[in-house]
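**Student:** please work out how this folds:
(2 chains)
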Amino acid sequence: MIGNVIKYERDNIDTDVIIPGTYLKIHDYNELATHAMEGLDPEFPSKVKDGDFIVAGKNFGCGSSREHAPIALSTCGIKAVIATSFARIFYRNSVDGAFLLPIEVDDETYQKISNSDQLEINIEKNEIKNITKNEIYAMKPFSEIIAKIIAAGGLFKYKK
Amino acid sequence: MNITEKILARASGKNTVSPDDIVFAKVDKVMVHDVSGPGVLKVFDKLQKQGIDTSKLHDPTKVWIAEDHFVPSAEKISAENIVKLSNFSKKYDIKKHFKYGMGQYGICHTLSHEEALVNPGDVYVGGDSHTNTTGALGAFACGLGHTDVAYVLLNGEIWFKVPETYYFKLNGKLPPHVMAKDFILNIIGDIGNDGGAYNTMQFGGTGIDEMSVESRLTLTNMTTEAGAKNGIIESDKKTVEYLNQRGATNVSEFHGDADANYSKILEYEASELEPTVAKPFSPDNITVARELSSTELDKSYIGSCTGAKYEDLLAAAKILKGRQVKIRTEVLPAAISIYKRAVKDGLIEIFLDAGATVGPPTCGACCGAHMGVLAKDEICVSTTNRNFPGRMGHVESQTYLASPQVAAASAVTGKLTDPRDLN
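**Tutor:** This next block holds a predicted model:
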């Protein structure tokens, strides 16, 4: 999986900025996408390209249980969020709904990745290749059940 | 095993579980509301296209529906979501649907205890992050997204990683003018807004024994703000009595083992706690209320699952009685049952005499939805649970999280006020 980075040098990117509460009544995925990241970066929907990755600091997706958050990002074309840690509901919504990959990296890796870098994510090898900088980083391996749900394509396709 | 482990072991048919085990737990109660319900229906649509049968729920008697976020319908889309919910409960024969304008209704988490919908020892999941609230009744209560709730509705179970448990022990009784809200804000300030991430936050000690069930619910409610999977308090006689008074039958206590393990134990002395405020833009950004006494406000909001239970209203009313508000003040009881008690006991009259507006139960401005959202640069003191940028309205508005007493005292002075300093 190859994509370009949109980096936010920020911890605690919460669901209220990923998709503000006023839009929770909306369940049309395309309409939600037009408001993605509105609380932090109103330009996001116009600059994001299909296949891009978001890179951010710790506790990404904290706050509400709104599945609108991974839905809005994935409908915009985001295939993975790379962060130093994730809030639990955002993490499980991303995986169980098969919206995007939540990938954990250490702080050093987070610092090394720059905005617009081109990355290749290889979840079989637990490796991220920075094509722009010609560097290779380790990602935190998924736990067994998360890896299986991802491989199945979401919770409903996973057979326990 | 501690209580969370014991509930998850029971629900997954295992003799014992340990932190990090993956279990599929049978779910006893499921909740959706006017945001997560239509979200679940959207998941059902996708599943039908994939050939998955969504014509029957696993057990509709375990499901209940709340209308809370955008009610009374704020505009057309919200109105349509309410119609979708009505069709949903009709199609799947869900009897417990609390509709606004038809008797008891209110914020989903408030109904969970006001209507005694959850018992000690239950596994309860809801399509809302503050589902953690109900853990104060001694249940495993956990918030999930639409896909997971859809899975529970169709299969009656869901996977969990057994969490580690942090035990917060409160020694002694809270001093006058210090509320459960002050305690939980202090905890979040200490451990940070990811300090409980993926874990259980359990509360106990003599201070918790002393506390009312409603105060305990304030603690578990905001475990979400520390990222916890669940908040929990072991049930006692008060819990059973509380549920029985609200029509529950066959309630029995459910306890962890005496030799239970906790990965961390943190102790607090109640006598050392003070009225506390979380400054913008994070619930862990705390300071004592007195330090902010020069902060001018535009609004005081007394509402939400966190801060508009009966006792919250009573605490605010004691301060507002015979006084006038200096800034816009809104009071929104969290459920009709609470509203009725507040009318009967004269609290609503106190609020109205003080100049406050009293609104219907709704999540309303707590999540920036409607009914008093904030404009650019407006500053609000609020009994709610989050103050991220834009949470209650404009992204450049500001929210200070506080107890109902601080919110009421601040309404009187127009500045952030420690209730002990009110003349």
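**Student:** just the helices in the chain please.
**Tutor:** As the question left the chain open, I've gone with chain A. A:15-18, A:29-33, A:44-47, A:68-75, A:88-96, A:107-112, A:144-152 (DSSP state H).
**Student:** wrong chain, I was asking about chain B
**Tutor:** B:3-11, B:36-49, B:76-91, B:108-114, B:146-155, B:180-191, B:206-210, B:213-221, B:237-245, B:304-307, B:310-320, B:336-344, B:347-354, B:404-413.
**Student:** and those: which comes nearest chain A?
**Tutor:** For these, the distance to chain A is smallest for helix B:146-155, at 3.9 Å, taking CB to the nearest CB. Placement of C-beta: from N, CA and C, glycine included.
**Student:** just to revisit the earlier point, go through the helices of chain B and name the closest to B:His255.
**Tutor:** Of all these, the one in closest proximity to B:His255, counting by CB to CB, is helix B:3-11 (6.3 Å).
**Student:** circling back: which one of the helices of chain B lies closest to A:Leu119?
**Tutor:** Nearest of the helices of chain B to A:Leu119, taken as CB to CB: helix B:146-155 at 26.6 Å.
**Student:** residues from the stretch 1-150 of chain B in reach of chain A?
**Tutor:** For the stretch 1-150 of chain B, the residues in contact with chain A (CB under 8 Å from any CB of the partner chain) are B:22, B:24, B:34-36, B:38-39, B:41-43, B:47, B:50, B:52, B:69-70, B:74, B:77-78, B:81, B:127-129, B:131, B:143-148.
**Student:** of those residues, buried ones?
**Tutor:** Among these, those buried by neighbour count (16 or more other CB atoms under 10 Å in any protein chain shown) are B:22, B:24, B:34-36, B:38-39, B:41-43, B:47, B:69-70, B:74, B:77-78, B:81, B:127-129, B:131, B:143-148.
**Student:** how about the strands in chain A?
**Tutor:** A:2-7, A:53-56, A:80-83, A:101-104, A:118-122, A:127-130, A:135-138 (DSSP state E).
**Student:** any chance of these in CSV with distance to B:Tyr310 and mean neighbour count as columns?
**Tutor:** Formatted as CSV, these follow (distance: least, CB to CB, whole Å; neighbours: other CB atoms under 10 Å in any protein chain shown):
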stretch, distance to B:Tyr310, mean neighbour count
strand A:2-7, 47, 17
strand A:53-56, 41, 24
strand A:80-83, 41, 25
strand A:101-104, 40, 22
strand A:118-122, 51, 17
strand A:127-130, 52, 18
strand A:135-138, 53, 15
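**Student:** so can I have JSON lines of those showing mean pLDDT and distance to B:Lys318?
**Tutor:** Putting those into JSON lines (pLDDT from 0 to 100; distance: least, CB to CB, whole Å) gives the following:
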{"stretch": "strand A:2-7", "mean pLDDT": "98", "distance to B:Lys318": "50"}
{"stretch": "strand A:53-56", "mean pLDDT": "98", "distance to B:Lys318": "44"}
{"stretch": "strand A:80-83", "mean pLDDT": "98", "distance to B:Lys318": "45"}
{"stretch": "strand A:101-104", "mean pLDDT": "98", "distance to B:Lys318": "46"}
{"stretch": "strand A:118-122", "mean pLDDT": "98", "distance to B:Lys318": "57"}
{"stretch": "strand A:127-130", "mean pLDDT": "98", "distance to B:Lys318": "57"}
{"stretch": "strand A:135-138", "mean pLDDT": "98", "distance to B:Lys318": "57"}
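**Student:** any chance of CSV for these, columns distance to chain B?
**Tutor:** Below are the strands of chain A laid out as CSV (distance: least, CB to the nearest CB, whole Å):
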stretch, distance to chain B
strand A:2-7, 19
strand A:53-56, 13
strand A:80-83, 11
strand A:101-104, 12
strand A:118-122, 22
strand A:127-130, 23
strand A:135-138, 21
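**Student:** show me which residues of chain A sit near chain B.
**Tutor:** A:12, A:14, A:16-17, A:20-22, A:24-27, A:39-40, A:58-59, A:62-68, A:85, A:87-89, A:92-93, A:96-97, A:143-145, A:154-156, A:160.
**Student:** centroid residue for chain A?
**Tutor:** In chain A, the C-alpha nearest the mean C-alpha coordinate belongs to A:Val81, at 2.3 Å (CA atoms, centre = their mean).
**Student:** if that one is in a bridge, with which residues?
**Tutor:** Here A:Val81 sits in beta bridges with A:Ile54, A:Pro102, going by DSSP bridges.
**Student:** burial of whatever residue of the stretch 201-350 of chain B ends up closest to chain A, as a residue count?
**Tutor:** Here the stretch 201-350 of chain B gets closest to chain A at one residue, B:Gly227, 5.5 Å apart by CB to the nearest CB. By the other CB atoms under 10 Å in any protein chain shown criterion, the neighbourhood of B:Gly227 contains 27 residues.
**Student:** please report how far it lies from B:Gly145.
**Tutor:** 15 Å (CB to CB, to the nearest Å).
**Student:** try A:Ala87
**Tutor:** 12 Å.
**Student:** how about B:Asp53?
**Tutor:** From B:Asp53 to B:Gly145 the distance is 21 Å (CB to CB).
**Student:** same deal with B:Asp312?
**Tutor:** 28 Å.
**Student:** please indicate which of the residues of chain A next to chain B are buried?
**Tutor:** Judged by 16+ other CB under 10 Å, buried ones among the residues of chain A next to chain B: A:12, A:14, A:16-17, A:20-22, A:24-27, A:39-40, A:58-59, A:62-68, A:85, A:87-89, A:92-93, A:96-97, A:145, A:154-156.
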